[in-house]
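Novice: Next one to model:
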Amino acid sequence: MNLSEKKELVAGLNARLAETQIMLLVDYKGLDVEAMTALRVELRKEGASMEVVKNTLLSMAAKGTDVSVLNDAFKGPNAIITSKDDAVAPAKVLVKFAKDNKKLEIKAAAMNGKVLSMDEIEALATMPSREIMLATVLSAMNAVPTSMVRVLSGVPSAFLNVVNAIKEQKEAA
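Specialist: Here you go, the predicted structure:
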């Protein structure tokens, strides 16, 4: 790879890292091609991407982005996983995959300019998906107007019950 290609790669990677919500750094040493392909497929399904980048190029591309806090972890064989849409999905996929494949090691992660510990990554992986969280918020927002409509409709029906009771009482008398 010549110098102009490296500069182009660094510029493109810098643009992607600048708009990413989360970046996870994994050690893939020991994984065979089938396992790496399966991991890439699972990540793509969740809107994340995985690639292997030289550490020197990665550290140059990370400058000026939120993931620059991981510069100390750019040692050894690394693969980066990035997602610009959802921070939870790639963490879920990686934690599940790491449990099934002991050779995959999650080394570090950065989200919003903060380095995440392994406990924080696992906590992120146990969170419900974005769709479920949005559905929960939507149902809570929908419950308030629905309850109010029920309360307000109860007043006229109670009034009608009182009027009917008075009517029945007068008819009986």
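Novice: From the contact counts, what lies against the lowest-mean-pLDDT helix or strand in the chain?
Specialist: Within the chain, no helix or strand scores below helix 130-172, which has a mean of 82 by mean pLDDT, DSSP states H and E. In terms of contacts (3 or more C-beta pairs under 8 Å, 6 or more residues apart in numbering; DSSP states H and E), helix 130-172 is not packed against any helix or strand. To be clear about C-beta, it is placed using only N, CA and C from the backbone, and glycine gets the same treatment.
Novice: show me where this protein has strands.
Specialist: 22-27, 49-52, 79-83, 105-111, 114-116 (DSSP state E).
Novice: okay if I get the ones you listed as JSON lines plus mean neighbour count?
Specialist: Shown next, in JSON lines, are the strands of the chain (neighbours: other C-beta atoms under 10 Å):
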{"stretch": "strand 22-27", "mean neighbour count": "24"}
{"stretch": "strand 49-52", "mean neighbour count": "15"}
{"stretch": "strand 79-83", "mean neighbour count": "22"}
{"stretch": "strand 105-111", "mean neighbour count": "20"}
{"stretch": "strand 114-116", "mean neighbour count": "16"}
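Novice: And the pLDDT for residue 91?
Specialist: Residue 91 is assigned 90 on the pLDDT scale.
Novice: isn't it right up against residue 109?
Specialist: Yes. Contact criterion C-beta atoms under 8 Å: residue 91 and residue 109 qualify, at 7.3 Å.
Novice: okay, and the common contacts of these two?
Specialist: 22, 24, 121 (C-beta atoms under 8 Å, 6 or more residues apart in numbering).
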